[in-house]
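[1] build the 3D model from these lines:
(one chain, ligands or ions: 1)
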Amino acid sequence: MNAPVSSFEAVERVGQRSGNGIAVKIDHVQKIFETRDGHEVIALEGADLAVSAGEFVAVVGPSGCGKSTLLSMIAGIENPTSGRILVDNHLLSGPNPRTSVVFQNDYLLPWRNIINNVLLPLEIKRLDTRLYRERAEALLTQVGLAGFGGRFPSELSGGMRQRVAICRAVIQEPGLLLMDEPFGALDALTREQMIMDLQNLWLRLKNTVVFITHGIDEAVFLADRVIVMSPRPGRIDMQLDIDLPRPRKWNEIHSNPGFTEAVAKVRGRFEEQGVLKAG
Ligand SMILES: Nc1ncnc2c1ncn2[C@@H]1O[C@H](COP(=O)(O)OP(=O)(O)OP(=O)(O)O)[C@@H](O)[C@H]1O
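    Take a look at the predicted model:
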């Protein structure tokens, strides 16, 4: 259990578990930014990764190693400088309608009530939102926001607003959900509840998730596989299968030897990288 594995071994194993194909393929991707004063910043260098359909992958890495850049490229917002990204076997040339993104900021529209914020992506696609109201309300109920549909973002706490942003991202049941530190701005108690809510939502949706976080415990708790990146220029440095049974319980997981062993392995890798101090 929890042995470091190569990208393609890991995909094969998860594929065997789920019987699914590859949802995201990152093939020798490099990303170079040019700064305003004309310098080049190599954000990512030769990144290779494959994510199986229905797999929950968490990416951890030191600040500035290119995690958000990687996610933006999978979302089709940024283009790789070299290499290829395929989503559902199609080479990306822009944002994919089957992909949703959740950021650290909720980006709710303050003038729309909660239910109309959740329904926004459907309205943009000119779908009849009346047909989706029930689904939107069910989602809000699932994340503990039953009865809040008529409120406005300014009346909600940060954690509640982030729950709304997640409901908005999954209302169309996206094949691929990309999450960039969605709980980074939340207090510890809210974060804990959100982690559990996300797990429960995902167990129902079973879509592909790429989840970026600074929290090693959060990554190991949620993921089927944890990807550890190297300091910039970011590369995929280590991958760890997390074979813990689900549903996982936050208040019990910390005494599970498989969990503590996986957390220690990721921490150990950061110590070897010099990102964390040992002890
Ligand atoms: N638009 C841009 N122009 C120039 N440099 C950029 C741009 N976007 C990102 N970078 C640089 O690329 C590197 C990777 O940035 P990125 O935001 O992907 O890192 P990260 O791992 O998500 O960091 P953090 O964990 O701190 O959020 C950084 O050195 C950053 O300064």
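[2] every contact and neighbour count from this point should use C-alpha atoms.
    OK.
[3] near the ligand, which residues of the stretch 51-200 of the chain? Just list them.
    Within the stretch 51-200 of the chain, the positions near the ligand by Cα under 6 Å from any ligand atom are 62-69.
[4] just the buried ones from those residues?
    Neighbour-count burial (16 or more other Cα atoms under 10 Å) is assigned, among those, to 62, 65-69.
[5] run through the strands of this structure in chain order.
    For the chain, strands defined by DSSP state E occupy the ranges 22-34, 40-52, 56-60, 82-87, 90-91, 99-102, 176-180, 208-212, 225-229, 236-241.
[6] ok so, going back, keep only those of the residues of the stretch 51-200 of the chain next to the ligand that are in helices.
    Residues of those located in helices (DSSP state H): 67-69.
[7] now render the strands of the chain as CSV, adding mean pLDDT, distance to residue 74 and mean neighbour count.
    Below are these laid out as CSV (pLDDT from 0 to 100; distance: least, Cα to Cα, whole Å; neighbours: other Cα atoms under 10 Å):
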stretch, mean pLDDT, distance to residue 74, mean neighbour count
strand 22-34, 95, 8, 19
strand 40-52, 93, 11, 20
strand 56-60, 97, 13, 26
strand 82-87, 95, 7, 19
strand 90-91, 92, 10, 12
strand 99-102, 94, 9, 22
strand 176-180, 96, 8, 23
strand 208-212, 97, 9, 25
strand 225-229, 97, 15, 26
strand 236-241, 95, 15, 20
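[8] and these: which comes nearest residue 168?
    Nearest of these to residue 168, taken as Cα to Cα: strand 99-102 at 8.9 Å.
[9] by contact count, what packs against that closest one?
    helix 158-170, strand 176-180 (3 or more Cα pairs under 8 Å, 6 or more residues apart in numbering; DSSP states H and E).
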